[in-house]
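> sequence unavailable; structure follows:
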């Protein structure tokens, strides 16, 4: 199985509202929990109580469109609010991500890293050292996990950032994007993905759920083409439509029914009736 | 800070319905996420999409009643559906739990382990080897984490198990309880906690939310008294009442408001009005 390490801050962890998008639930998409693979559900991250939709579910769903016979695993390790300093190679976040990735490597092959971070670094003294510090983080990740040549996909910060209620803190967001582009340009197997046109939650900080779906498709486009994506792919809405229109398999329908029952959203009798109907359809 | 490792299967992870109990949210209760401590929220575990109320939140809340000036940290590592074999010392669950505990030890002192497991082992060939296998797991945990003498609190299986829709699979649950009691009796600093009188979700497998609150209080009672608890403490309902009646601090009210807003459950204007009111009250 191919797996992908998810790191960065809240927009990689995901804060989009689940109610705004069709669910992605696909038995070929797995998530690492307690060192083992489970069928992925959203939110994928659990770093904060407000975790929601991030880019990796639609990344994985697009991957599945191209690789219908294979399974993909996601390794959630992003942390809300984290600055690049918080990701220093002697820090807890880095150590945790490495441990998760090494556990995942026991049962999968890491095929890429999805990175999104920078909102916490939109200050002059942070921008100045961003590329140098980021280079060390990426080089150490590659070395520690022995993944010297896999693609690292680096998302840009959204243009909405300066317009929201906390806009004053993000006036340098374009400089962070320039650092990220420049880093990707200077390093083999590193690709930048534009956040152009993406919109945010009412907080003006977090990418909204629909935009996260599109962002994940762009991440996949960069992964597939092995090049940076500076303008939104023309077909991204079509790909999202294909993802949304994929019918659930019988197995998925039964699992989703089990989840609803075990969350207390369905009476026992109703559950048993629906389960029996689903199983009849399988035979 | 004192921390507690949470291991076992689904009833330690928690499957009680959140809507059935008052929330526990206390700035002195932390949870380990990405190697760092965050203010705890429920569900504490995230092993499955149906994770819900387990025993550890009320354990921690009772601990806070006794230690009002201190903070407590929870280390979630329980895995739904796991058998004792799944917890073997060369397996992924064990390795993951050790890694989490070691990360926690960088910033806290592990003061106890809460264990609940056995539903997946109610079969003759599993019961037979349970105590021996469990002894090796506990001895290895103690050694690897250098926690030779901290209390290990071991919850029993619920009496409801044989009465539900899957009751046939649990006919040997009392034999598992006997093994757990016998293990606790034979090992220093190991204590058994009765599940007597606890009730379940409609699935007949998972302890319901209110019972989990009481169970956590019993776990704390065993931890405090350093002895096994074979009958429900008379004052457990009173302690639960004290937990439920604890008013939120200003900090907690603001954090809870922030969470609601960032989950999209509150309009921007409404959020700002409520936030400003809360902050006025602080001054």
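Thanks, I have the structure now. Quantities reported herein were computed from a predicted structural model and do not represent experimental measurements.

> what ranges do the helices span in chain A?
Using DSSP state H, the helices of chain A run over residues A:10-13, A:56-66, A:92-105, A:124-145, A:173-186, A:209-225, A:236-245, A:250-262, A:268-282.

> between the ones you listed, which one is nearest to residue B:104?
Set against residue B:104 and scored by Cβ to Cβ, the helices of chain A come closest in helix A:92-105, at 10.1 Å. Backbone N, C-alpha and C define where each C-beta goes, glycine included.

> other SSEs contacting the closest one?
Counting contacts by 3 or more Cβ pairs under 8 Å, 6 or more residues apart in numbering or on different chains; DSSP states H and E, helix A:92-105 packs against strand A:2-8, strand A:29-33, strand A:72-76, helix A:124-145, helix B:92-105.

> still on that earlier bit, out of the helices of chain A, indicate the one that is most buried.
Comparing the helices of chain A on average neighbours per residue, with mean count of other Cβ atoms under 10 Å in any protein chain shown, the densest one is helix A:10-13 at a mean of 28.

> now tabulate the helices of chain A in a markdown table and tack on distance to residue B:202 and mean pLDDT.
Below are the helices of chain A laid out as a markdown table (distance: least, Cβ to Cβ, whole Å; pLDDT from 0 to 100):
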| stretch | distance to residue B:202 | mean pLDDT |
| --- | --- | --- |
| helix A:10-13 | 33 | 98 |
| helix A:56-66 | 30 | 98 |
| helix A:92-105 | 35 | 98 |
| helix A:124-145 | 44 | 97 |
| helix A:173-186 | 50 | 98 |
| helix A:209-225 | 31 | 98 |
| helix A:236-245 | 32 | 98 |
| helix A:250-262 | 8 | 96 |
| helix A:268-282 | 4 | 90 |
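
> ok, the residue of the stretch 101-250 of chain A found nearest chain B - contacts?
In the stretch 101-250 of chain A, the residue that lies nearest chain B is residue A:202 (4.5 Å; Cβ to the nearest Cβ). The neighbourhood of residue A:202, defined by Cβ atoms under 8 Å, 6 or more residues apart in numbering or on different chains, consists of B:261, B:264, B:267, B:268.

> how does it look with 10 Å?
A:17, A:164, A:165, A:208, B:261, B:262, B:264, B:266, B:267, B:268, B:269, B:271 (Cβ atoms under 10 Å, 6 or more residues apart in numbering or on different chains).

> what do you get for residue A:6?
Going by Cβ under 10 Å, 6+ apart, residue A:6 touches A:12-14, A:31-32, A:44-45, A:54-56, A:59, A:74-78, A:97, A:100, A:112-116.

> how much space separates it from residue B:250?
35 Å (Cβ to Cβ, to the nearest Å).

> flag every residue of the stretch 101-250 of chain A that's near chain B.
By Cβ under 10 Å from any Cβ of the partner chain, the residues of the stretch 101-250 of chain A that approach chain B are A:102-103, A:106-107, A:164-165, A:201-206, A:208-209.

> tell me the buried residues within those residues.
Buried by 16 or more other Cβ atoms under 10 Å in any protein chain shown: A:102, A:103, A:164, A:201, A:202, A:203, A:204, A:205, A:206, A:208, A:209, out of these.

> skip the chain neighbours and tell me the closest residue to the first one.
Yep, that's residue A:102 we're talking about. residue A:145 (6.9 Å; Cβ to Cβ, 6 or more residues apart in numbering or on different chains).

> please state the offset of stretch A:204-224 from the chain centre?
8 Å (Cα atoms, centre = their mean, to the nearest Å).

> give me the domain ranges for chain A.
If you go by automatic domain parsing, the domain ranges for chain A are A:2-245, A:250-282.

> closest to residue B:180 out of these?
Of all those, it is domain A:2-245 that lies closest to residue B:180, at 22.0 Å by Cβ to Cβ.

> can you get me the start-to-end distance on that closest one?
One end of domain A:2-245 to the other measures 24 Å (Cα to Cα, to the nearest Å).

> ditto for stretch A:243-254
Span of stretch A:243-254 from end to end, Cα to Cα: 20 Å.

> and that stretch, how far out from the chain middle?
The answer for stretch A:243-254 is 21 Å, by Cα atoms, centre = their mean.

> other residues contacting that stretch?
A:21-28, A:39, A:57-58, A:60-62, A:64-65, A:213, A:216-217, A:255-256, A:274-275, A:277-279, A:281-282.

> go again with 8 Å.
Residues from elsewhere that reach stretch A:243-254 (Cβ under 8 Å, 6+ apart): A:22, A:24-27, A:39, A:58, A:61-62, A:65, A:213, A:256, A:275, A:278-279, A:281-282.

> tell me which of the helices of chain A approaches residue B:126 most closely.
Of those, nearest to residue B:126 by Cβ to Cβ is helix A:250-262, at 23.2 Å.

> between helix A:268-282 and the closest one, find me the angle.
180 degrees (axes from the mean of the first three to the mean of the last three Cα atoms, to 10 degrees).

> centre of the chain to helix A:250-262, how far?
Taking Cα atoms, centre = their mean, one finds the center of helix A:250-262 at 24 Å from the center of the full chain.

> quick check, central residue of chain A?
residue A:56 (2.7 Å; Cα atoms, centre = their mean).

> so who does that residue touch?
A:4, A:6, A:12, A:14, A:44, A:74, A:76, A:114, A:216, A:219.

> make TSV out of the residues of the stretch 101-250 of chain A next to chain B and add distance to residue A:70.
Conversion of these to TSV gives the following (distance: Cβ to Cβ, whole Å):
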residue	distance to residue A:70
A:102	22
A:103	21
A:106	19
A:107	14
A:164	39
A:165	43
A:201	33
A:202	38
A:203	37
A:204	38
A:205	35
A:206	31
A:208	30
A:209	26
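
> among these, which one sits closest to residue A:130?
residue A:205 (18.7 Å).

> nearest residue to the closest one in space, ignoring adjacent ones along the chain?
Sequence neighbours aside, residue A:166 is the residue nearest to residue A:205 in space, at 6.1 Å (criterion: Cβ to Cβ, 6+ apart).

> any idea how far that neighbour lies from residue B:268?
12 Å.

> overlap in contacts, these two.
By Cβ under 8 Å, 6+ apart, residue A:166 and residue B:268 have these common neighbours: residue A:203.
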